[in-house]
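Participant: what follows is a protein structure lacking sequence information:
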C-alpha cells in the first residue's frame with residue numbers, strides 16, 4: 001500500500017514550535033502517513049543570518065527532536081544542497097518528489113501564499129491551483145475562502161499560529177526569551193552557537 005506523503009518545503013530559519021505543531025497535526029489529524037522535511041537552499045534574495053553549515057546542523061537538531069517525538073518524519077537535504085537559488089520553484093520540488101516517490105505528494109503551505117500561487121514560475125495551466133495536492137495551514141490574520149483552488153484541505157489547528165521564524169530571529173537579536181517559540185533543543189543549539197545575534 002502506498003504511503004500518503006506530504007512535503008514540508010520551507011526555509012525553517014530557524015525551525016519553530018509552529019513548524020513542529022504543523023508536522024504533528026498533519027500526521028495526527030489527516031490521512032498523511034509521513035512528512036518529508038525539505039529545507040531550501042540559502043537564496044541571495046533572503047538574509048539567512050547564519051552560515052550554511054550552522055543552518056544545516058540546526059535543521060538536523062530539529063529533525064532529531066521530531067524523531068524523539070515518534071513522528072514519522074524524513075529529512076531530505078536535496079534542495080538544501082542544491083544551490084539553485086535563482087529559480088527553485090514548487091513545480092521543481094513537486095517534480096523531484098513525484099519521480100522519487102512514484103506518486104504526486106501533498107504540499108504544506110501557509111494559507112496566505114494561496115493568493116500568490118497564480119504568479120508562480122512554471123505554473124503552466126494553473127497546475128498549482130488545480131492539480132497540486134495542497135494542505136493549507138491557517139493564519140489568524142488571513143481570511144481564506146479557497147476560491148479558485150482545487151485539490152486542497154484546510155487543516156484546523158487550535159493553537160494560535162502567530163509564531164514565525166522572523167519573530168524568533170528578532171526576539172533573539174533583542175535578547176528576549178524564546179521559550180514557547182522554539183523547542184528546547186533548537187533553543188539550546190542557537191544559544192550554544194551564538195546564532196542570530
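Facilitator: Noted; the coordinates are in hand. Since the model is a prediction, treat every value here as computed from it, not as a measurement. Numbers count the residues shown, from 1 in each chain.
Participant: how near is residue 4 to residue 78?
Facilitator: 20 Å (CB to CB, to the nearest Å). To be clear about C-beta, it is placed using only N, CA and C from the backbone, and glycine gets the same treatment.
Participant: whoops, residue 96 was the one
Facilitator: As judged by CB to CB, residue 96 and residue 78 stand 6 Å apart.
Participant: the more surrounded of the two?
Facilitator: residue 96 (19 against 14; other CB atoms under 10 Å).
Participant: okay, and the common contacts of residue 96 and residue 78?
Facilitator: Common neighbours of residue 96 and residue 78 are not found (criterion: CB atoms under 8 Å, 6 or more residues apart in numbering).
Participant: distance from stretch 50-64 to the middle of the chain?
Facilitator: In terms of CA atoms, centre = their mean, to the nearest Å, the centre of stretch 50-64 is set 14 Å apart from its chain centre.
Participant: how near is residue 147 to residue 56?
Facilitator: Residue 147 is 39 Å from residue 56, by CB to CB.
Participant: neighbour count winner among these two?
Facilitator: Shown here are residue 147 and residue 56; by other CB under 10 Å, residue 56 has more neighbours (15 against 6).
Participant: quick one: the strands in the chain?
Facilitator: 5-10, 34-39, 73-75, 106-110, 133-137, 152-154 (DSSP state E).
Participant: what would those look like in TSV with distance to residue 61?
Facilitator: Compiled in TSV, the strands of the chain are given as follows (distance: least, CB to CB, whole Å):
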stretch	distance to residue 61
strand 5-10	16
strand 34-39	12
strand 73-75	11
strand 106-110	21
strand 133-137	23
strand 152-154	30
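Participant: which among those strands is found nearest to residue 196?
Facilitator: Relative to residue 196, the nearest member of the strands of the chain by CB to CB is strand 34-39, separated by 16.1 Å.
Participant: which strands or helices does that closest one pack on?
Facilitator: Here strand 34-39 touches strand 5-10, helix 17-29, helix 52-68, strand 73-75, going by 3 or more CB pairs under 8 Å, 6 or more residues apart in numbering; DSSP states H and E.
Participant: so which of the ones you listed is the most packed in?
Facilitator: Of these, the one with the most neighbours on average (mean count of other CB atoms under 10 Å) is strand 5-10, at a mean of 21.
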